[in-house]
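Asker: Any chance you can model this:
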Amino acid sequence: MTETLTLNEQMLERGRCARAAAAGLRDAPAGARTRALDSLARRLTAAEADILAANARDVAAARANGMAEAQIDRLLLTPARVAGMAQAVKTIAAVPDPLGVETERWTPANGLDIARVRTPIGVLGVIYESRPNVTADAAALCIRSGNAAVLRCGSDCLQSSLAIAGLIAESLAEAGLPADAVQLVDTPDREAVGLMLGGLDGAIDVIIPRGGKSLVARVQAEAKTAVLSHLEGLNHTYLHEAADLEVARAVALNAKMRRVSVCGATETLLVDRAAAERLLPPVAADLIAAGCELRGDDAARALVPAMIPATEADWTTEYLAPVLAVRVVEDLDAAVAHIARYGSGHTEAIITTDATSAERFAAQVDSAIVLINASTQFADGGEFGFGGEIGISTARLHARGPVGAEQLTTYKYVVRGRGQTRP
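Answerer: The predicted model follows:
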């Protein structure tokens, strides 16, 4: 962007460029989009040292500014995480191209041949915090789905994201695609967020926030265009009375402690009263040994006195830290009622050997993802086979759960006739 332009002028120009690039990306052959993604995966691997050096600068600045270690974990890149980014892009490249796919076709009584066909949404504005891998994931998903993107990362991961964004531009150019199809806002100025929420003079079709409660709340309050929300993960794991003890121990520990800073981490453990004496002490012992602080209700503390007393706020807190709320519930209906009252509609799990109860839980819990005998940490587009995700949507419309390439498309109707006129 020209240095003499104001930030408002720069952002409007980004919007215009993105809108023009969206048409080029939409009309490009699927193979060109695949080549861009293959190129990006190779470049991420080759540039590992440069990416890690940029990330080290971000991490050092974050620590100097007093960022909590749980947030540092989100920001931190390692060789394994860079390899994971590259692998995610490879997987997205291998996803069947969603554009032009007929999802349904029929002929009504008027004789018209009607098809519903997937098309890109257009231009996506993605606003996210702390996690530089989102830069690669979001870009790859937008390229695969034929959408142009304006990305605005948190200032704490700007150096890492700039290093990745340079590779994205090179990959697009190599594949003969518009370099402006993916643009990273290169200023930490918070005013840029407000300008994106204004829609950049109609250039942005959908805003996708990926971050904490305050970011999502601001986007929902101020956005003048459609929003695909990713709300907090107030996730629950319910140990049913028929839970297998060893499965309960393994799943509960993993669901909370594998990575406490991800949105799929369990934040509340619900335990059936009929099996609490059998299940809770050993499950709690595993969690405490792993360094997890437990906050329990009276019934839970009676079985595990080491727990801190839980308050009402604990049932509505996304800790993103080694802290877990624990409640003993009367039965499956009480567990479902607790989730309905306190959950965010993200991810819930039941551990049980009773298939009937498992299916009843899955039917009655109204969350984007419901798991049976598996860790809530599987709430991830990569684990769903999408390669990556642009977020976990807790919305009711358009897309719900992990948002991959297919979920970033809309549709149009193509109607073929033989000269019909309507009477």
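Asker: make it CA atoms for all contacts and neighbour counts henceforth
Answerer: Fine.
Asker: residues in contact with the closest residue to Gly343 other than its chain neighbours?
Answerer: Leaving aside its chain neighbours, Gly343 sits nearest to Leu234 (5.3 Å; criterion: CA to CA, 6 or more residues apart in numbering). Counting by CA atoms under 8 Å, 6 or more residues apart in numbering, Leu234 touches Thr266, Glu267, Thr268, Thr316, Thr317, Glu318, Tyr342, Gly343, Ser344, Gly345, His346, Thr347.
Asker: Break down the stretch 201-350 of the chain into its helices, ranges please.
Answerer: 213-222, 245-257, 276-289, 298-303, 332-342 (DSSP state H, counting those that start in this stretch).
Asker: Packing partners of the third one?
Answerer: Using 3 or more CA pairs under 8 Å, 6 or more residues apart in numbering; DSSP states H and E as the contact test, the elements touching helix 276-289 are helix 245-257, strand 293-296, helix 298-303.
Asker: winner for burial among the ones you listed?
Answerer: strand 293-296 (a mean of 22; mean count of other CA atoms under 10 Å).
Asker: Quick check: longest helix in the protein by residues?
Answerer: The longest helix of the chain (DSSP state H) is helix 7-27.
Asker: Now render the helices of the stretch 201-350 of the chain as a markdown table, adding mean pLDDT and distance to Thr352.
Answerer: Converted to a markdown table, these look like this (pLDDT from 0 to 100; distance: least, CA to CA, whole Å):
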| stretch | mean pLDDT | distance to Thr352 |
| --- | --- | --- |
| helix 213-222 | 87 | 32 |
| helix 245-257 | 98 | 8 |
| helix 276-289 | 98 | 12 |
| helix 298-303 | 98 | 19 |
| helix 332-342 | 98 | 11 |
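Asker: residue contacts, Asn373?
Answerer: With contact set as CA under 8 Å, 6+ apart, Asn373 has these partners: Val247, Val251, Ala349, Ile350, Ile351, Thr352.
Asker: For Ser161, find the nearest of the helices of the stretch 201-350 of the chain.
Answerer: Minimum separation from Ser161 across the helices of the stretch 201-350 of the chain (CA to CA) falls at helix 213-222, 18.7 Å.
Asker: Mind listing residues that contact the closest one?
Answerer: Gly194, Leu197, Gly198, Pro209, Arg210, Val227, Ser229, His230, Leu231, Glu232.
Asker: one more time with 10 Å, if that's ok
Answerer: The contact list for helix 213-222 (CA atoms under 10 Å, 6 or more residues apart in numbering) reads 127-129, 193-194, 196-198, 207-210, 225-233, 318.
Asker: From those residues, which land in strands?
Answerer: Under the assignment DSSP state E, those contribute Ile127, Tyr128, Ile207, Ile208, Pro209, Arg210, Ala226, Val227 to strands.
Asker: Do you know the pLDDT at the residue lying closest to Arg16 once chain neighbours are set aside?
Answerer: Using CA to CA, 6+ apart and skipping residues adjacent in sequence, the residue nearest Arg16 is Ala203, 6.4 Å away. pLDDT recorded at Ala203 is 96.
Asker: if I pick Ala203, what's in contact with it?
Answerer: Ala203 makes contact with 12-20, 122-125, 150, 196, 225, according to CA under 10 Å, 6+ apart.
Asker: now it: how far from Ser261?
Answerer: Distance from Ala203 to Ser261, counting by CA to CA, to the nearest Å: 33 Å.
Asker: Just give the number of residues close to Thr421.
Answerer: 7 (other CA atoms under 10 Å).
Asker: follow-up on the earlier one: quick one: which of the contacts of Leu234 is nearest Glu170?
Answerer: Of all the contacts of Leu234, His346 has the smallest distance to Glu170: 35.9 Å, by CA to CA.
Asker: right, and that closest one touches Leu231 too?
Answerer: Yes. With contacts counted by CA atoms under 10 Å, His346 reaches Leu231, the gap being 7.6 Å.
Asker: Pick out whichever of those two has more residues nearby.
Answerer: A side-by-side neighbour count of His346 and Leu231, using other CA under 10 Å, places His346 first with 28 against 23.
Asker: what's the pLDDT at the more buried one?
Answerer: Reading off the model, His346 has pLDDT 95.
Asker: Spit out the contact partners of it.
Answerer: Counted by CA under 10 Å, 6+ apart, His346 has contacts 230-236, 263-264, 366-370, 376, 379, 392-395, 400-402.
Asker: Just flag the most distant two among the contacts of Asn373.
Answerer: Counting by CA to CA, the most remote pair of those is Val247 and Ala349, 12.4 Å apart.
Asker: joint contacts of the two?
Answerer: If you check Val247 and Ala349 against CA under 10 Å, 6+ apart, the residues they both contact are Leu239, Asn373, Ala374.
Asker: what about the closest residue to Gly345 other than its chain neighbours, how many neighbours?
Answerer: Leaving aside its sequence neighbours, Gly345 sits nearest to Ser367 (CA to CA, 6+ apart; 4.0 Å). Neighbourhood size, Ser367 [other CA under 10 Å]: 22.
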